[in-house]
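Engineer: Only the shape, not the letters, is given here:
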């Protein structure tokens, strides 16, 4: 097992490219195309589901049981819900679960029929202190209190419709990324494009060094994690282990590692697999990867969607440290590199249990019960 160097420049370049591609859930084709292009460049075969999720294949010495590493290319966004009676500016409904507080002031592009694109800004209904005084601070943060100000000469709903904008059009929030000399990356949509970039950087390291893998490893890139379905429709029966890659929330009430990798022990849907999480923790300790453990009470990932779809697999969640998740987010490059290192090591690690090759079977090599330990 080799602890490979991660190409940090490639990771940053890939992340920057991804952040510049709008991909709210429901409009992910361009981001999917970019990831497919990168997989082609790396010589990784892949297939697409009907909806456009990606399953790529890193071949190993055995085909079954195999494992999967999953991240998602879809992001938060909004749709046109209607038009406000007072001024006819469009109303918005969120794509995914995010606070209207973080939408205020966002620059956006509306994607309409016939490839019509219109830019604008999301604003609270009472946006000017010169007009509303202190009311701009006392109005509740709610999607019903937001409007979309378009960068067009329009004065009515009919004018807006004449532009080609209609109810149901997708509104993509501009990422506005900033890469600092101190290693911090600030942007919207780092969840989970930073995770996708880390997965691709780990894959590049494995390819560059031509490292043999003990078992097939599928790289899954899902397109609907932000609305809950995620990895529910992309697995196949041979997958025995799945590691989900996503953000860990940095906060005073959390134990997420700012500059390393965080192993989630439980999220809102319950605990992750005992053996798989401890195996990942063991790799961090053995190869001196900065890490922590955390529990996320208001969080779910692709792993939950896979289990809820009826997949009988062991799951784990590994995270990069992210501040202000689902807002204007920030991550440090060291955290992404640590995550990529762990994924490289996980792909090289042996199967947890040989008996996992069968959907049903005897105890096999599972650990004995405590009563049997002499």
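Structural biologist: Received it, and whenever you're ready, just let me know what you need. Here the structure is a predicted model, which means the values were calculated and not measured. Numbers count the residues shown, from 1 in each chain.

Engineer: For the rest of this, base every contact and every neighbour count on C-alpha atoms.
Structural biologist: Fine.

Engineer: Check which helices and strands whichever strand or helix holds residue 242 sits against.
Structural biologist: Using DSSP states H and E, residue 242 maps to strand 239-250. In terms of contacts (3 or more CA pairs under 8 Å, 6 or more residues apart in numbering; DSSP states H and E), strand 239-250 is packed against strand 66-72, helix 190-208, helix 302-308, strand 314-323.

Engineer: Run the angle between it and strand 314-323 for me.
Structural biologist: Orientation check (axes from the mean of the first three to the mean of the last three CA atoms, to 10 degrees): strand 239-250 against strand 314-323 gives 20 degrees.

Engineer: Show me what strand 239-250 pairs with in its sheet, parallel or antiparallel.
Structural biologist: Here strand 239-250 has these sheet partners by DSSP bridges: strand 66-72 (parallel), strand 314-323 (parallel).

Engineer: Which SSE is immediately downstream of it?
Structural biologist: Heading C-terminal from strand 239-250 (DSSP H and E), you reach strand 261-267.

Engineer: Name the surrounding residues that touch that next one.
Structural biologist: 248, 256, 271-272, 277, 280-281, 289-300, 316-321, 335-336, 338-339 (CA atoms under 8 Å, 6 or more residues apart in numbering).

Engineer: and those residues, which are buried?
Structural biologist: Neighbour-count burial (16 or more other CA atoms under 10 Å) is assigned, among these, to 248, 256, 272, 277, 280-281, 289-296, 300, 316-321, 335-336, 338-339.

Engineer: now for the strands paired with strand 239-250, which one comes closest to residue 112?
Structural biologist: Closest of the strands paired with strand 239-250 to residue 112 is strand 66-72, at 23.9 Å (criterion: CA to CA).

Engineer: any idea of the mean pLDDT in the closest one?
Structural biologist: For strand 66-72, mean pLDDT rounds to 96.

Engineer: same deal with stretch 79-90?
Structural biologist: 96.

Engineer: quick one: that stretch to chain centroid distance?
Structural biologist: 30 Å (CA atoms, centre = their mean, to the nearest Å).

Engineer: for this structure, what spans make up the helices?
Structural biologist: 8-19, 29-42, 100-103, 129-132, 135-138, 157-162, 190-208, 274-286, 302-308, 333-348 (DSSP state H).

Engineer: Contacts for stretch 352-368 next, please.
Structural biologist: Against stretch 352-368 from outside (CA under 8 Å, 6+ apart): 64-66, 238, 240, 275-276, 312.

Engineer: hmm, which helix or strand of this protein has the shakiest average pLDDT?
Structural biologist: helix 302-308 (a mean of 83; mean pLDDT, DSSP states H and E).

Engineer: Any regions of the stretch 151-300 of the chain where pLDDT drops low?
Structural biologist: For the stretch 151-300 of the chain, no stretch has pLDDT under 70.

Engineer: tell me which residues in stretch 152-159 are buried?
Structural biologist: Result for stretch 152-159 [16+ other CA under 10 Å]: buried residues 154, 157.

Engineer: which helices and strands sit right next to the least confident helix or strand of the chain?
Structural biologist: Packed next to helix 302-308, using 3+ CA pairs under 8 Å, 6+ apart, are strand 66-72, strand 239-250, strand 314-323.

Engineer: Go ahead and name everything in contact with the longest one.
Structural biologist: Outside of strand 239-250, the residues that reach it under the criterion CA under 8 Å, 6+ apart are 64-71, 191-192, 195-196, 256-258, 262, 276, 301-303, 312-325, 356-357.

Engineer: Report the residue ranges of every domain in this structure.
Structural biologist: 8-75+189-357, 77-173 (automatic domain parsing).
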